[in-house]
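1. Need a 3D model of the following:
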Amino acid sequence: MKQIRVFLPEDSQPCAYLEGRASCSLYVDPRLELDQQQLTLLSLNGFRRSGKVVYRPQCKQCQACTSVRIDCQQLQLSKSQKRVMRKNRDLTLVVETPDEALKHYPVFQRYIDERHADGDMYPASFGQYREFLIEGFGNSRFLSAYLQGQYLGSLVFDIFEDGLSSVYCFFDPDESRRSPATWLIISLSLVAQSLRLPYNYLGYFVEGCQKMDYKNRFAPLQGFIDQQWRQI
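-> Model (predicted):
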């Protein structure tokens, strides 16, 4: 395997998750064109992808971020999650390539502008959509939901050697009552299960950040703690 170069910037940035805190991340050399084996190894060591930026939080004074993954082979649904699955039985799932998903930008734009107007991605732009979700390392796909041919939303995911990785979910804000994000994460976990892949990587659970609490509702959940994966 080729050597993977990483670097740690000297300057910190305002934390995107916890108000009043600074953050610092370890970054993979952006000049590297990573293959699936390398991306799998990085994921196993707590790294995450945003566009073509691969990083891991490395804050000296804070350990709030924990990389988490669902054990798909032992997936357990709560009563509320079972209700979500029943509510969405009328939807059809399609796996699409990033190029096929270029047409979904209008829904992404509405989602960002209506649901995340307080975030750093507002206002949405097509260039941002392409850079964030379309460009990657060739191992990403869109798990897209349709109702009688009408597009509702997607969960963008990466394919690793040991599982699938949920990168980002967006959907038509008018369909929020369906809990589409929960439904798509469970559906992707079932896809991994059918492919006999052990895990669905969910990124970072951030203690104290309400927006990240949803990740703690999936079971069984494992966290990358003290340089090893443990049941949490």
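2. Quick check: the spatially most central residue of the chain vs residue 98, distance?
-> Centre of the chain computed as the mean C-alpha position; nearest residue by Cα atoms, centre = their mean is residue 167, 2.5 Å away. According to Cβ to Cβ, to the nearest Å, residue 167 and residue 98 sit 11 Å apart. (Glycine included, C-beta is placed from N, CA and C.)
3. okay, and the common contacts of the two?
-> Overlap between the contact sets of residue 167 and residue 98, as judged by Cβ atoms under 8 Å, 6 or more residues apart in numbering, is given by 133, 140.
4. returning to that earlier point: and the residue nearest to the centre of the chain, what is it in contact with?
-> Counting by Cβ under 8 Å, 6+ apart, the residues that residue 167 touches are 49, 50, 133, 140, 155, 156, 157, 158, 203.
5. My read is that the fifth one contacts residue 166, right?
-> Yes. At 5.9 Å, residue 155 and residue 166 qualify as touching, with contact defined as Cβ atoms under 8 Å.
6. Which pLDDT value goes with residue 120?
-> For residue 120, the model assigns a pLDDT of 78.
7. Can you tell me the element the residue nearest to the centre of the chain falls in?
-> Using DSSP states H and E, residue 167 sits in strand 163-171.
8. pLDDT of that strand, averaged?
-> For strand 163-171, the per-residue pLDDT values average out at 98.
9. which element follows that strand toward the C-terminus?
-> helix 180-194.
10. what about the strands in this protein?
-> Along the chain, the segments classed as strands by DSSP state E run 6-7, 13-14, 22-23, 25-28, 48-50, 53-57, 65-71, 92-96, 140-147, 150-160, 163-171, 199-206, 221-225, 228-231.
11. from what I can see residue 94 touches residue 144, true?
-> Yes. In this structure, residue 94 sits in contact with residue 144. The criterion is Cβ under 8 Å, and the distance is 5.0 Å.
12. Neighbour count for those two, which is higher?
-> Each of residue 94 and residue 144 has its neighbours counted (other Cβ atoms under 10 Å); residue 144 has more, 23 against 12.
13. Look up which residues are beta-bridged to the more buried one.
-> Per DSSP bridges, the residues bridged to residue 144 are residue 94, residue 154.
14. again, but for residue 203
-> Counting by DSSP bridges, residue 203 is bridged to residue 68.
15. The helix or strand of the chain with the lowest mean pLDDT pairs with which strands, and in what direction?
-> The weakest-scoring helix or strand in the chain, judged by mean pLDDT, DSSP states H and E, is strand 13-14 (a mean of 90). When pairing is defined by DSSP bridges, strand 13-14 lines up against strand 22-23 (antiparallel).
16. which residues touch the closest residue in space to residue 157 that isn't next to it in sequence?
-> In space, not counting the residues next to it along the chain, residue 157 is nearest to residue 164; the distance is 5.0 Å by Cβ to Cβ, 6 or more residues apart in numbering. The contact partners of residue 164, taken as Cβ under 8 Å, 6+ apart, are 157, 158, 188, 191, 192, 197, 199, 200, 201.
17. Apply 10 Å and report the result again.
-> Residue 164 makes contact with 69-70, 72, 139, 141, 143, 155, 157-158, 188-189, 191-192, 195, 197-201, according to Cβ atoms under 10 Å, 6 or more residues apart in numbering.
18. Not counting residues beside it along the chain, what's closest to the residue nearest to the centre of the chain?
-> Residue nearest to residue 167 in three dimensions, not counting chain neighbours: residue 156, with 4.4 Å by Cβ to Cβ, 6+ apart.
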